[in-house]
Every structure is written in structure tokens, then in C-alpha cells.
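> no sequence on this one, just coordinates:
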Ligand SMILES: Cc1cc2nc3c(=O)[nH]c(=O)nc-3n(C[C@H](O)[C@H](O)[C@H](O)COP(=O)(O)OP(=O)(O)OC[C@H]3O[C@@H](n4cnc5c(N)ncnc54)[C@H](O)[C@@H]3O)c2cc1C
């Protein structure tokens, strides 16, 4: 079945998810003004799947059941599927200008599917069967699943088992006939509150001493013992202001992250996909990270499209649209954004089948993609701020623009004064100018900057994580041989 956005929102109300914000439990979190924009974003991924115009991108034929499913629940069957994933993400970014939160689950499905197959091959376990049954359930009900990898990690110099507090990485605290009990937390979890389920993976490669931390499983968001503490975002309380609209920059959509705490949660054995086989923790991490580094070559590009459009509108409204340097800056922004898209498509085009049969991206190119993502959105917003002018951060509030309080000697209201002094190119109204500048404020340094900037930096791993992978995959020795051949060097001198 394919849920609609409205059905998705109603399905969240049936969950007993425990959500805390500002030190208190939030009972009606579905309608909470700070949370709702992120729910609207996810709803978009459901609604677009019903639009015949986007059916080819937004839906796929399940490799497990043959049914038509939302592509966010799909196991990639070809390089064509990998490319469609990136195009779908660009589309969703364009429609929301926010992190639409559903990629982490999709990337986790594909990583856990192929890794469990290889674990079973080695150890004769039944994790792959467990996972296939689980994914069939997810696809059938069209669920959104939080792909949860990142542990709080405590002292970064220490492995999980060496931490002063053993809970700083999520771990198995009890093994039972019918399942396991887990304790710990996952930090920065995108869309965790408005997900139906969580799919947990380890956060780093592990050794024998960390076997209790090498665990992967799925559980519902409202599992007994599970609760979430909402992460706040820059300017988030603007959403609590009565009748807020223009000042929000993006009233309808937004992203969401939370700390997800597992306070001794029981996981039945059929929902376990890794349980102590520490040798495979690294493979699961590497595969998830690879898919997720590809993802950013789609979603951030879609948001980038909106940012470029907004910068061009700001130029129009400021009356500088014909200036050569403005045109050149828009060209540079487009060049940077399309370079990211090229990376997303390239690592997809060069994808390969895994032993389990689904396709994975080219790891080297996916890491190059994400490395560029840690830089180019920052340059794109720098150029957007340049074009927008200082008003995007110094403008009075929308209440001022609408105020009827008299301030001027001739009886002018605050609203009239604001509209007079903040007018730009007469082809646009002052409100239009204000709206586009507030949008840019939101994405450059407000709530949406969480998704467009810092998530670009750290999401799917900080820049150094990609450089390590680029070093591993870059094959410098083969390149040395190429140089030797051309330069006519036949000796084996020099350090290897
Ligand atoms: C907006 C956002 C959304 C996210 N969504 C998700 C999600 O949905 N699911 C999920 O699982 N995760 C998610 N993440 C987490 C993301 O994967 C992590 O932020 C990332 O892996 C970096 O971890 P960290 O934030 O703990 O930073 P740290 O690991 O503390 O890194 C900070 C700096 O320290 C360096 N560093 C860290 N450890 C070492 C070391 N041992 N030696 C040398 N240098 C080191 C890093 O390279 C970096 O420069 C999200 C993050 C953000 C910001």
C-alpha cells in the first residue's frame, strides 16, 4: 500500500511515542508548532508518490513482493535505481527546501540487507531472513524508519568498551532465549520522532572487546523503555510566536533531530540483525555511510536549487539583477550545485551488485561526493548572503511591517515606515522582498541551516571520515605505476 501524506500524519497519532522538549513531556507532538514542519516534510514524500507525474521516481516495484512501493522503502536493483534515488531526493529537496528525513532509513535498509547476507554466509545465522521479513512488513505498511547509527561516543579517543560510562555506545545488556535487552542512546537522529520505527546499526568498526556493542535491530518508536529528547535549532522558538509566517522563512517545512534513549529496551529475536559478530560492524557502517554520502548528492542539490532561486529573486527585488558580478555569482552557485549532482549521479552510475543482489554505489566516488558536500553548500550560502545584502539579518519583524501603531509626525504607522524604507525594485512589493530575505536567513543561518549546512558537514560522517575512505580507495600504488610507465621508470626503487 502507498500511504498519502494525510494518512501518514494520522498514523503517527496512533503511536505512543514519548517526546520531551524544553524539559517537559509533549503530549500532542504531532501538532506541536516546532515539530509539525518536519512532519509536513515527510508527508511530502508520501504525497509525491501519488502524483502520476513523479511515479517513476517516487515508486518502485518491490524486489521482495513484486508490489508497487514508495522508493524510500526500496532495495536498489540496478544502477538505474541508484540514479533514480538521487533524482527523487533532488525533487524532494526542491519541494521542501529542508531535510525530508526519509533517506536515512532507505540507506540503512540497503546496507543491512547486504551485510546480513554476508554475516549469515560466514556464521550460519538467520539475520538476513529476519531482515527480509522485517523489510516486507515496512514496505507493505509504507512505514518511515529512522536509520540510527551515531552513538553519543563520549571520549572520541576511546573504544566503546573503554568508555568511563559503558552506556555511551548502545549495547546489549542481557541475552535471553527470546531476544536481547539493549541500553544506550543514538544522537542527532533525523526524523526519529516522526518515524514509525528505528533501525539501529553500530557506529564504528569494532574489535572482540566490543562484541556487546556490535548490534543491529529494529524496534517501534514507541517501544517500552524508548524515549526521545528533541534537538533545538537556531531560531526555533519563532515557530511558537502567534501567527508567525514571514519571519519563519519556511513556514510549512523543516527538519528534525533528537536524542533517542534506549532505557533497557527488549528486542525480540526476529528483529535482530547483528548480535555480537563484531567483525561485521565495520562493513555495516561503511555500507550505510556509502549510501548516505550518495544521498547528499541529491537532497542538498534540491535545497541548493531553491537557494539559488531565492538569491536570484533577491537580486531582482534589490534591482541588481543585471549587474555582471551578480550574474556571475549565480553562475558559480549553479556550477557548485550541479557539481554535487554530478557526484551523486557518478557514484550511482558506477554502482555494483552486492553478494545479496541489491546494488551499492561506488564507494570512492560517494566519498568524493560527500567531501564536496562538506564545502559547496557553505560557498553557495556565502554567495547567497552576498547577493541578498545585510537586510536578511537586520530587518524588523513581520509584526512591525503589519503594525498600525503611529510613530511618524505625519501620523505614519510603524508598518508604513517599514514598508517605505525597506522597499526595493518597485516591480516587487516590500512584502515579497521581505519573504525572500527571510527564506535566505532561514536556510543560511536559521532553522534550515541545520539541514543545509551542519548536516552537510557532519551528517554521514565528518569530513575526515571521507578522507580516510578516499585514502583507502584511491589506490595510490596503481597511480605510481602509471607514472612509472609514462616516465620510463623500470626499477622498483623508492618506498612503496
Ligand atoms: C543535522 C544532523 C543530522 C544527523 N542525522 C543523523 C541520523 O539521522 N542518523 C545518524 O545515525 N546520525 C546522524 N547524524 C550524526 C552524524 O553522522 C555525526 O554528526 C557525525 O558522524 C560526526 O559525529 P559527531 O557529531 O559526534 O562529531 P565528532 O565525532 O565529535 O567529530 C567532531 C570532530 O572531531 C573529529 N574526530 C572525532 N573522532 C575522532 C578521533 N577518534 N580521532 C580524530 N578526530 C576525531 C572529527 O573528524 C570532527 O572533525 C546527524 C548529524 C547532524 C549534524
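Arrived safely. Predicted model only: the values in this text are computed from it and were never measured.

> pLDDT below threshold where in the chain?
Under the criterion pLDDT under 70, the flagged ranges of the chain are 493-496.

> one more time with 80, if that's ok
Scanning the chain for pLDDT under 80 picks out the ranges 492-496.

> what residues go with each domain of it?
5-278, 287-481 (the TED database).

> quick one: distance of the longest one to the chain centre.
Think domain 5-278. With C-alpha atoms, centre = their mean, to the nearest Å as the basis, domain 5-278 stands 10 Å off its chain's centre.

> go on, the last one?
Here the centre of domain 287-481 is set off from its chain's centre by 14 Å, with C-alpha atoms, centre = their mean.

> that one: end-to-end distance?
29 Å (C-alpha to C-alpha, to the nearest Å).

> now the first one
Domain 5-278 has an end-to-end distance of 39 Å (criterion: C-alpha to C-alpha).

> residues in contact with the residue of the stretch 251-400 of the chain found nearest the ligand?
Nearest to the ligand, among the residues of the stretch 251-400 of the chain, is residue 257, at 5.1 Å (C-beta to the nearest ligand atom). Every residue, glycine included, has its C-beta placed from N, CA and C. Listed by C-beta atoms under 8 Å, 6 or more residues apart in numbering, the contact partners of residue 257 are 188, 189, 190, 192, 231, 450.

> show me what contacts the closest residue to the fourth one other than its chain neighbours?
Spelled out, that is residue 192. Using C-beta to C-beta, 6 or more residues apart in numbering and skipping the chain neighbours, the partner closest in space to residue 192 is residue 146 (4.4 Å). Residues near residue 146 by C-beta under 8 Å, 6+ apart: 104, 105, 189, 190, 191, 192, 195, 197, 198, 199, 221, 260.

> doesn't residue 146 fall inside a helix?
No - assessed with DSSP: H, G, I helix; E, B strand; the rest coil, residue 146 is strand; it does not lie in a helix.

> how much space between it and residue 290?
For residue 146, the distance to residue 290 (C-beta to C-beta, to the nearest Å) stands at 19 Å.

> do residue 455 as well
In terms of C-beta to C-beta, residue 455 sits 17 Å off from residue 290.

> rewinding a little: from the contacts of residue 257, which are also near the ligand?
188, 189, 190, 450 (C-beta under 6 Å from any ligand atom).

> and stretch 149-167, does that touch the ligand?
Yes - using C-beta under 6 Å from any ligand atom, stretch 149-167 reaches the ligand at 149, 150, 153, 156, 157.

> about what we covered before: so which of residue 455 and residue 290 has more stuff around it?
residue 290 (27 against 21; other C-beta atoms under 10 Å).

> so the more buried one touches residue 359, yeah?
No - Residue 290 lies out of contact with residue 359 (C-beta atoms under 8 Å); the separation is 11.4 Å.

> touching, residue 174 and residue 180? I think so.
Yes - contact criterion C-beta under 8 Å: residue 174 and residue 180 qualify, at 6.5 Å.

> and stretch 243-263, what's buried?
Judged by neighbour count (16 or more other C-beta atoms under 10 Å), stretch 243-263 contains these buried residues: 244, 246-251, 253-262.

> typed the wrong thing, it's stretch 198-208
Neighbour counts over stretch 198-208 (16+ other C-beta under 10 Å) mark 198, 199, 200, 201, 202, 203, 204, 205, 206 as buried.

> anything in that stretch near the ligand?
No - using C-beta under 6 Å from any ligand atom, stretch 198-208 stays clear of the ligand, coming no nearer than 7.1 Å.

> TSV for the domains of the chain, including distance to residue 491?
Formatted as TSV, the domains of the chain follow (distance: least, C-beta to C-beta, whole Å):
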stretch	distance to residue 491
domain 5-278	37
domain 287-481	12
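
> checking residue 125 next. Helix, strand or coil?
Going by three-state DSSP: residue 125 is coil.

> tell me how many other residues crowd the closest residue to residue 240 other than its chain neighbours.
Setting aside the residues directly before and after it, residue 240 is nearest to residue 33 in space (C-beta to C-beta, 6+ apart), at 5.8 Å. Using other C-beta under 10 Å, residue 33 has 16 neighbouring residues.

> got the phi/psi numbers for residue 33?
Main-chain dihedrals, residue 33, degrees, to the nearest 10: phi -60, psi -20.

> how much space separates it from the ligand?
Residue 33 sits 20 Å away from the ligand, going by C-beta to the nearest ligand atom, to the nearest Å.

> wait, that residue touches residue 238, no?
No - look at residue 33 against residue 238 with C-beta under 8 Å: they stay out of range, at 9.6 Å.

> which ones are touching residue 99?
41, 190, 191, 255, 256, 299, 450, 451, 455.

> the lengthiest helix in the chain packs against which elements?
When the chain is parsed with DSSP state H, its longest helix is helix 281-318. Packing partners of helix 281-318 (3 or more C-beta pairs under 8 Å, 6 or more residues apart in numbering; DSSP states H and E): helix 79-96, helix 103-123, helix 324-349, strand 359-360, helix 363-373, helix 376-388, helix 430-445, helix 463-473.

> does the ligand have contacts with it?
No - Helix 281-318 lies out of reach of the ligand by C-beta under 6 Å from any ligand atom, never closer than 8.1 Å.

> for that helix, buried residues please.
281-308, 310-318.

> could you do stretch 138-152 as well?
By 16+ other C-beta under 10 Å, the buried positions in stretch 138-152 come out as 138-139, 142-152.

> and the stretch 101-250 of the chain, which residues reach the ligand?
Residues of the stretch 101-250 of the chain that fall close to the ligand, judged by C-beta under 6 Å from any ligand atom: 104, 147, 148, 149, 150, 153, 156, 157, 188, 189, 190.

> out of these, list just those in strands.
Among those, the ones falling in strands (DSSP state E) are 147, 148, 188, 189, 190.

> list the residues that contact the second one.
The reference is to residue 148. Residue 148 makes contacts with 104, 108, 186, 189, 192, 198, 199, 200, 201, 260, as judged by C-beta under 8 Å, 6+ apart.

> please name the nearest non-neighbouring residue to it.
Of all residues not flanking residue 148 in the chain, residue 186 sits nearest, at 4.1 Å (C-beta to C-beta, 6+ apart).

> sounds good, over and out.
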